[in-house]
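Visitor: Sequence and predicted structure are below.
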Amino acid sequence: MKRLIFLFSLCFLLACKSNSEFPKAENALDAGREFIDGFMKGNTKKAEAYMVNDEKNKALLTRLHRQLRTSSTETQEGYKKASIIIGEVDEVTENEVIIQYKSSYDMAPKKVKVIKLDGNWLVDLKYTLNPNL
């Protein structure tokens, strides 16, 4: 019986730890901001946690991170230290939001699409309006 309680407790703790690493986004703005932050800092795991999980999105994220990693050290550090400046937030439908933003590093206007999928707000890169993030 003690073993069963120990195993149950261990499973519970592991489940809590994996879920708390990146908390669920409460809304589209949270999902977009967390995804952009993960991307700019080169944290693929964080970006993926806030992205629609399919092969096309993973391939796009890999391509974008490869572009970022091959840029100059100055550029990489600039993005890591940059702040996200949220512009217009366009609620297309109750389950689809377009977020316009800039990074304080380059100030170039960008857009990202966030959708509500199975009750979770996630970035969908396939439909991002500016594929260069």
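Guide: Okay, I see it.

Visitor: ok, now which ones touch the residue nearest in space to the middle of the chain?
Guide: A centroid search over the chain (CA atoms, centre = their mean) returns Phe35, at 1.8 Å, as the residue closest to the centre. Shown in contact with Phe35 (CB atoms under 8 Å, 6 or more residues apart in numbering): Lys46, Ala47, Tyr50, Met51, Val112, Val114, Val123. All C-beta atoms are positioned from the backbone trio N, CA, C, and that covers glycine.

Visitor: hang on, it in a helix?
Guide: Yes - counting by DSSP: H, G, I helix; E, B strand; the rest coil, Phe35 falls inside a helix.

Visitor: now it: how far from Glu74?
Guide: 24 Å (CB to CB, to the nearest Å).

Visitor: Buried residues, the longest strand belonging to the chain. List them.
Guide: Across the chain, the longest stretch assigned as strand under DSSP state E is strand 84-93. Using 16 or more other CB atoms under 10 Å as the test for burial, strand 84-93 gives Ile84.
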